[in-house]
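**Student:** Sequence below, structure please.
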Amino acid sequence: QVQLVESGGGLVHTGGSLRLSCAASGFSLDVYAIGWFRQAPGKEREGVSCINPNDGSTYYADSVKGRFTISRDNGKSTVYLQMDSLEPEDTAVYYCATDAPPYGPTCLYLNGAWGQGTLVTVSS
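**Tutor:** Numbers count the residues shown, from 1 in each chain. Presented below is the predicted three-dimensional model:
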């Protein structure tokens, strides 16, 4: 059974940093892509960043390039999202999600199993 459990959200001031973690179980990160998505109040869900299963290539939304870094620890079955230089516009519930290929042009289009989400609030 695929399970994803996010942690690490919280309240931070503009310019601050947070690291989100996603503990994965029931599948292999060598086979499934995994990524972070977010949904702000009143907005649609958007892909933030993801990692492909085979070559570990990564994708980022333009809005977070240069500020966020995704990484994975296959031994711990955990994926991280390091978020630096946070802005109020980054405030959202962040979800971890996974899926097996194919899922679209990039792994930012994956839509398989989802975690429960963790809230990130950036105050100005």
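**Student:** Name whatever forms a beta bridge with the spatially most central residue of the chain.
**Tutor:** Centroid check for the chain by Cα atoms, centre = their mean gives Trp36 as the closest residue, at 1.7 Å. Beta-bridge pairing for Trp36 (DSSP bridges): Ser49, Cys96.
**Student:** who does Tyr59 bridge with?
**Tutor:** Cys50.
**Student:** what's the spacing between it and Tyr109?
**Tutor:** Distance of Tyr59 to Tyr109, given as Cβ to Cβ, to the nearest Å: 10 Å. Quick note: C-beta positions are derived from backbone N, CA and C, even for glycine.
**Student:** ditto for Tyr103
**Tutor:** 5 Å.
**Student:** Same drill for these two, tell me which one is more crowded.
**Tutor:** Tyr103 (20 against 15; other Cβ atoms under 10 Å).
**Student:** This protein: strands as residue ranges?
**Tutor:** 3-7, 10-13, 18-25, 33-39, 46-51, 58-60, 68-73, 78-83, 92-99, 113-114, 118-123 (DSSP state E).
**Student:** Would you format those as a markdown table with mean pLDDT included?
**Tutor:** Listed next are these as a markdown table, based on pLDDT from 0 to 100:
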| stretch | mean pLDDT |
| --- | --- |
| strand 3-7 | 97 |
| strand 10-13 | 98 |
| strand 18-25 | 97 |
| strand 33-39 | 97 |
| strand 46-51 | 97 |
| strand 58-60 | 96 |
| strand 68-73 | 96 |
| strand 78-83 | 98 |
| strand 92-99 | 97 |
| strand 113-114 | 96 |
| strand 118-123 | 98 |
